[in-house]
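got a predicted model here, sequence first, then my questions.
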Amino acid sequence: MMPRSARVSFLILIPVLLFLPVSLSAQGQDPEEPYREYRLLAGELTEIEIAAATGHTLNKVFSDIYFRGFGADLPEKIRPITDVVWQIFWTFTFTMWPHDMGHWVRADQVGGHFLVHGYAFPFPHAEMHLPDVTAPGESTLTSTGGFEVNHLMAYRTHRDLYQRGWAFADELVHSFIQQTHIPFYAFLLTPARATKPETWTDTVGDPVEAVLSIYGDYTGRPAIRPDGSVDPELVDLYRETIWVGLLWTLADPTLHRSLKAFDADMRENHGLMRSRMWGDERFAWLPGTRFHIGPLGYELYLLGYLRRHDRFGVVYLRGGRPYHNLGLGVDLPDLIRTGRFSFGLAADLWDQDLYGPGAALTVETGFRLTPKLALEAKGTWKDRGWLLGRQIDQSLTLLGGFSWRF
């Protein structure tokens, strides 16, 4: 078997060696005209990416049912109201239900159950049942699995935006909600006073439950001290998590671009919006930030969106607290692209408490059967360790699906 150090070098070199020659060969190709795309994936139901791809696509489907369908026939006097009500309802629906699917997936992976009893606003009626004993990080995963789905849906929209050079307003509005979900949850939906013992004994909301789980695994201490007060280290960790999350999220240029989508007119070219990057057609780039809470604590991602001629890639660095958690990665979705065939590659490396060093490699392919219909396949091999959207254990994940353009 290939030594780990050799695998790490191998994973780094493949994208670099492939990206440069393929990018140079891409000169002179014509840019694509804007199109709408629905994309669905299938595989084992306990894969978070399936929930994210489904929520991402269904949000577009229900937007199109209205704006490209019956909404255009409604009386002009009521359109300003119906436009807003329709978008708010379905954007909320395809934020919260995929979010809860993330809880269900992670609970199933650790041997538990997340049961949804019925629809309710703002949360579905649901309850979590976990094994009496869980490994460090597993309980946290079940609390943060919903945020994973939100993160993946936002990332897919942003990757599409800079890879293609455009996106539609409803996609960017949806991605804005996904990207701000953790700060919105912590500051507005379920605000909590970290110094109150009731906050940690009658937990309400995913941020509180996640931080409490991380604190318990990391320190091995109870939240409430013998004198009835809250451990100051827990108070500091919670405050640090939610405030750093808010500021790091607000620092993302794509978030502010997405905010402008709220003012776009969906009746005019369906709210088409162009991407903006620094540079020119030969080379352009844009920084980005992402925030997430995982089993090792809160994580800060620093991204770089890169375009060389008509080839695109994303690189990232990751760090976090309170556990040691360092990572880097590259995502090159169109290393090879012909008239019908596309081939992409992504690689991730990490060094983490609880799991140690590790690596992952993802291959993504597509074959266009017709101008509208394409088949897709995606496979990921990874070491044991924390990687957003993937199982903790060493695994081989295979997904298949299709995309439909018009």
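All right, it came through fine. Numbering: from 1, shown residues only.

where along the protein do the helices fall?
4-25, 48-67, 79-109, 138-164, 169-179, 181-184, 197-201, 206-219, 232-250, 253-259 (DSSP state H).

just checking, what packs against the second one?
With contacts defined as 3 or more C-beta pairs under 8 Å, 6 or more residues apart in numbering; DSSP states H and E, the secondary structure elements packing on helix 48-67 are strand 37-42, helix 79-109, helix 138-164, helix 169-179, strand 395-405. Every C-beta, even on glycine, is put in place using the N, C-alpha and C of the backbone.

now distance to Trp200 and mean neighbour count too, for those, in JSON lines please.
Converted to JSON lines, the helices and strands packed on helix 48-67 look like this (distance: least, C-beta to C-beta, whole Å; neighbours: other C-beta atoms under 10 Å):
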{"stretch": "strand 37-42", "distance to Trp200": "38", "mean neighbour count": "16"}
{"stretch": "helix 79-109", "distance to Trp200": "20", "mean neighbour count": "19"}
{"stretch": "helix 138-164", "distance to Trp200": "14", "mean neighbour count": "25"}
{"stretch": "helix 169-179", "distance to Trp200": "27", "mean neighbour count": "25"}
{"stretch": "strand 395-405", "distance to Trp200": "33", "mean neighbour count": "15"}
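
and Pro333, which of the helices of the chain is closest to it?
helix 138-164 (6.1 Å; C-beta to C-beta).

chain center to the closest one, what's the gap?
Distance, stretch centre to chain centre, for helix 138-164: 1 Å (C-alpha atoms, centre = their mean, to the nearest Å).

any idea of the mean pLDDT in it?
Summarised as a single mean, pLDDT over helix 138-164 is 95.

ok, stretch 315-326 next?
97.

in that stretch, what's buried?
The neighbour-count check on stretch 315-326 (16 or more other C-beta atoms under 10 Å) flags 315-316, 318, 320-323, 325 as buried.

what would the residues you listed look like in a markdown table with distance to Ala194?
Output for the buried residues of stretch 315-326, formatted as a markdown table (distance: C-beta to C-beta, whole Å):
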| residue | distance to Ala194 |
| --- | --- |
| Val315 | 35 |
| Tyr316 | 30 |
| Arg318 | 25 |
| Gly320 | 19 |
| Arg321 | 16 |
| Pro322 | 15 |
| Tyr323 | 20 |
| Asn325 | 22 |
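
rewinding a little: would CSV of the helices of the chain with distance to Pro226 be doable?
Listed next are those as CSV, based on distance: least, C-beta to C-beta, whole Å:
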stretch, distance to Pro226
helix 4-25, 45
helix 48-67, 40
helix 79-109, 33
helix 138-164, 24
helix 169-179, 41
helix 181-184, 32
helix 197-201, 12
helix 206-219, 15
helix 232-250, 14
helix 253-259, 44
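
distance of the residue lying closest to Ala72 once chain neighbours are set aside from Pro357?
Excluding its sequence neighbours, the residue lying closest to Ala72 (C-beta to C-beta, 6 or more residues apart in numbering) is Arg267, at 7.7 Å. For Arg267, the distance to Pro357 equals 52 Å [C-beta to C-beta, to the nearest Å].

over to Pro131?
28 Å.

give me the below-cutoff pLDDT ranges for the stretch 51-200 of the chain.
120-123 (pLDDT under 70).

could you pull up the contacting residues of the residue nearest to Ser139 when sequence neighbours are not counted?
Once flanking residues are discounted, Ser139 sits nearest to Ser213: 4.6 Å by C-beta to C-beta, 6+ apart. The neighbours of Ser213, taking C-beta atoms under 8 Å, 6 or more residues apart in numbering as the test, are 139-140, 143.

from Glu44, how far off is Ser213?
Per C-beta to C-beta, Ser213 is found 25 Å from Glu44.

could you do Ala347 as well?
Ala347 sits 23 Å away from Glu44, going by C-beta to C-beta.

which of those two has more neighbours?
The neighbour comparison of Ala347 against Glu44 (other C-beta atoms under 10 Å) goes to Ala347, with 21 against 11.

so Leu234 makes contact with Ala223?
Yes - using C-beta atoms under 8 Å, Leu234 is in contact with Ala223, at 5.4 Å.

mutual contacts of these two, please.
The contact sets of Leu234 and Ala223 overlap at 200, 212, 215 (C-beta under 8 Å, 6+ apart).

adding distance to Tyr35 and neighbour count, write those residues out as CSV.
CSV is the format used below for the shared contacts of Leu234 and Ala223 (distance: C-beta to C-beta, whole Å; neighbours: other C-beta atoms under 10 Å):
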residue, distance to Tyr35, neighbour count
Trp200, 49, 24
Leu212, 45, 21
Tyr215, 47, 25
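
hang on, the earlier thing: go through the helices and strands packed on helix 48-67 and name the closest to Gly329.
Of all the helices and strands packed on helix 48-67, helix 138-164 sits nearest to Gly329, with 11.8 Å by C-beta to C-beta.

relative to helix 169-179, how tilted is the closest one?
150 degrees (axes from the mean of the first three to the mean of the last three C-alpha atoms, to 10 degrees).
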